[in-house]
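Novice: Fold the following for me, if possible:
(4 chains)
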Number of protein chains: 2
Amino acid sequence: MLPRKIADSTVRRLAIYLRFLEEFEDQGRDTVSSEALAHRAGTTSAQVRKDLSFFGSFGKRGLGYDVHALGIRLREILGLGRRYRVLIVGAGRLAGALVQYAGFSARGFEVVAVVDRDPDKIGTAWGEIVIEGVAQLEEIVVREQVEIAILVTPADPAQGLVDRLVQAGVTAVLNFAPVQLHVPEGVDVKNVNLAVELETLSYALAHRVHA
Amino acid sequence: MLPRKIADSTVRRLAIYLRFLEEFEDQGRDTVSSEALAHRAGTTSAQVRKDLSFFGSFGKRGLGYDVHALGIRLREILGLGRRYRVLIVGAGRLAGALVQYAGFSARGFEVVAVVDRDPDKIGTAWGEIVIEGVAQLEEIVVREQVEIAILVTPADPAQGLVDRLVQAGVTAVLNFAPVQLHVPEGVDVKNVNLAVELETLSYALAHRVHA
DNA sequence: AGCATATTGTGAAATCTTTCACGAGCGCCG
DNA sequence: CGGCGCTCGTGAAAGATTTCACAATATGCT
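Specialist: Residues are numbered from 1 along each chain as shown, chains lettered A, B, ... in the order given. All right, here's what the predicted structure looks like:
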């Protein structure tokens, strides 16, 4: 389960395949072909087979893949066999949407704490979770054994917060702040930037062939 | 302003450069080197120069780029010289966060309507905007001259909704629903899938070299 | 059993993206 | 005004990813 270096694009597709596999499983299908998966995932069958081949050979020639078995295998590969304890930094609306998003906890990502800077928010409850002060950041990371932090703050304080998180032991960060975070070797950061997504759309609109 | 085919990765980086350029402009800096931009954007100076070179040559050798002029040029390239009218489909919490997100309107993306399926939500106001019924989808697209739709619904209804949007004339879609949408030639779709982002993080955690 | 059909697994080829490396232009200073 | 130091622009090389194409193997039918 440990090939040297797998492309990020491959890992993302594996996550997408898993989603459709689960759908097929719910529908009671036993097997699925690379072609069927590819169609659902918006890629090609050769791509699906190549992606999977990095991790072993799971299919049966002439038949396809066993839906259930491949699902298990993909969850294993993606590290989804266990739960992850997640801290959300910043209690704005986007944070609220993330806390409530069922897709996360279904996949094993459990939000265990939320912190914010605003004294008016500290102490208020979001469902099970009571918002704590950002001053307690380090204490919370240790107390809750946080492994993943989701940063949902303005650009300005983001780097300082990530420094504190890393210092406290967090090694994986999902960053929504529109800055490039600098972190030491061994810490993973994934960036999500909604403005950038919209801007690639406007690029496409602007450069469309006008008939 | 019309090179054949520009990589998506390049366009995304241009959007990122623009963000830092604006920051530099606010700081009153007149010029910036490819090296400085690269550092902020988490890439290399050669990459920055190559990205820009697809669209012309904007720098001065020995000096760098004029912050103001390059900003204008990038906004032009990205199609940000005008405002875009955006419809949000689905009025959940994530939609709420998007409506309120200042970054969008600052970049010229103006939310002109929100629709939902839930009769309890229809008629309630979100700031300036009154939520309308999904039945009015086509009417709203025409009335408001919608160009971009943001789909923030569960997976199930997403394809049907996108079919209706395309039929009504929308040609750009930002899709948060965890499905691969099938659209005709000439329609652009960008996908944002938060679960996939987290799963690439858990992949990284699972495959880390355990010292 | 033999044949037709389906679909995987995978090297090799094609394509795409990033990095390298260096010539050339620009401004400053003496 | 000439030389120096800086930084761009870019073709070519390297590296990464995707696509191709086909042998291998499984099933089912007669």
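Novice: tell me the centre residue of chain A?
Specialist: Of all residues in chain A, the one closest to the mean position by Cα atoms, centre = their mean is A:Leu174, 7.4 Å from it.
Novice: Am I right that it is in a strand?
Specialist: Yes - applying DSSP: H, G, I helix; E, B strand; the rest coil, one finds A:Leu174 inside a strand.
Novice: and A:Ile88, which of the three is it?
Specialist: strand.
Novice: Who are the contact partners of it?
Specialist: A:95, A:98-99, A:111, A:113-115, A:149-150, A:152 (Cβ atoms under 8 Å, 6 or more residues apart in numbering or on different chains). The C-beta positions use only the backbone N, C-alpha and C, and glycine is treated the same way.
Novice: beta partners for it?
Specialist: A:Val114, A:Ile150 (DSSP bridges).
Novice: for A:Lys60, same thing?
Specialist: Here A:Lys60, judged by DSSP bridges, has bridge partners A:Gly64.
Novice: list the helices and strands the helix or strand of chain A with the lowest mean pLDDT packs on?
Specialist: Here the helix or strand of chain A ranked lowest by mean pLDDT, DSSP states H and E is helix A:102-106, holding a mean of 87. Other helices and strands packing on helix A:102-106, by 3 or more Cβ pairs under 8 Å, 6 or more residues apart in numbering or on different chains; DSSP states H and E, are strand A:109-116, helix B:194-206.
Novice: Output the ones you listed as TSV; include the columns distance to DNA strand C and mean neighbour count.
Specialist: Below are those laid out as TSV (distance: least, Cβ to the nearest atom of the strand, whole Å; neighbours: other Cβ atoms under 10 Å in any protein chain shown):
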stretch	distance to DNA strand C	mean neighbour count
strand A:109-116	28	22
helix B:194-206	17	21
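Novice: Can you tell me which of those is nearest to DNA strand D?
Specialist: helix B:194-206 (12.5 Å; Cβ to the nearest atom of the strand).
Novice: tell me what the closest one is packed against?
Specialist: Going by 3+ Cβ pairs under 8 Å, 6+ apart, helix B:194-206 lies up against helix A:8-26, helix A:102-106, strand A:148-151, strand A:172-175, strand A:188-191.
Novice: Looking at those, spot the one closest to B:Val170.
Specialist: The closest of the helices and strands packed on helix B:194-206 to B:Val170 is helix A:8-26. By Cβ to Cβ, the value is 23.9 Å.
Novice: any residues touching that closest one, and which ones?
Specialist: A:32, A:36-37, A:40-41, A:43, A:47-48, A:51-52, A:54, A:67-68, A:70-71, A:74-75, A:77-78, A:80, B:178, B:180, B:193, B:195-196, B:199-200, B:203.
Novice: May I have the residues that are in contact with the residue nearest to the centre of chain A?
Specialist: Here A:Leu174 is in contact with A:148-151, A:189-190, A:192, B:197-198, B:201 (Cβ under 8 Å, 6+ apart).
Novice: Kindly state the beta-bridge partners for it.
Specialist: With DSSP bridges as the rule, A:Leu174 is bridged to A:Ile150, A:Lys190.
Novice: what about it, distance to A:Phe104?
Specialist: 10 Å (Cβ to Cβ, to the nearest Å).
Novice: who touches stretch A:193-207?
Specialist: Residues from elsewhere that reach stretch A:193-207 (Cβ under 8 Å, 6+ apart): A:176, A:178, B:1-2, B:6, B:8, B:11-12, B:14-16, B:18-19, B:77-80, B:84, B:98, B:101, B:103-104, B:107-109, B:147-148, B:171-172, B:174, B:188, B:190, B:192.
Novice: Give me the distance from that stretch to the chain's centre.
Specialist: Averaging C-alpha positions (Cα atoms, centre = their mean, to the nearest Å) puts stretch A:193-207 22 Å from its chain's average.
Novice: Now narrow the contacts of helix A:8-26 to whatever sits close to DNA strand D.
Specialist: With Cβ under 7 Å from any atom of the strand as the criterion, the contacts of helix A:8-26 include A:43, A:47 near DNA strand D.
Novice: so of the contacts of helix A:8-26, which ones are in strands?
Specialist: Secondary structure from DSSP state E places A:Val32 of the contacts of helix A:8-26 in strands.
Novice: Put the buried members of the contacts of helix A:8-26 into a ChimeraX selection.
Specialist: Here is the ChimeraX command that selects the buried residues among the contacts of helix A:8-26 (16 or more other Cβ atoms under 10 Å in any protein chain shown):
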select /A:32,36,37,40,41,43,47,48,51,52,67,70,71,74,75,77,78,80 /B:178,180,193,195,196,199,200,203
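Novice: among the contacts of helix A:8-26, which are in helices?
Specialist: A:36-37, A:40-41, A:47-48, A:51-52, A:67-68, A:70-71, A:74-75, A:77, B:195-196, B:199-200, B:203 (DSSP state H).
Novice: Of the helices and strands packed on helix B:194-206, which stretch is the most buried?
Specialist: Scoring the helices and strands packed on helix B:194-206 by mean neighbour count under mean count of other Cβ atoms under 10 Å in any protein chain shown gives strand A:148-151 as the most buried, with a mean of 26.
Novice: Mind listing residues that contact that one?
Specialist: When contacts are defined by Cβ under 8 Å, 6+ apart, strand A:148-151 is touched by residues A:84-90, A:95, A:98, A:109, A:141, A:158, A:161-162, A:165, A:170, A:172-177, A:181, B:198, B:201-202, B:205.
Novice: and chain A, what are its domains?
Specialist: A:8-77, A:84-196 (automatic domain parsing).
Novice: Run through chain A and note the low-pLDDT ranges.
Specialist: A:1-3, A:210-211 (pLDDT under 70).
Novice: Kindly report the residues of it close to DNA strand D.
Specialist: Residues of chain A lying near DNA strand D (Cβ under 7 Å from any atom of the strand): A:5, A:7-10, A:43-44, A:46-47, A:49-50, A:60-63.
Novice: and DNA strand C, which of those reach it?
Specialist: Subset of the residues of chain A next to DNA strand D in contact with DNA strand C: A:46, A:49-50, A:60-63, counting by Cβ under 7 Å from any atom of the strand.
Novice: Give me the buried subset of those residues.
Specialist: The buried subset of those (16+ other Cβ under 10 Å) comprises A:Arg49.
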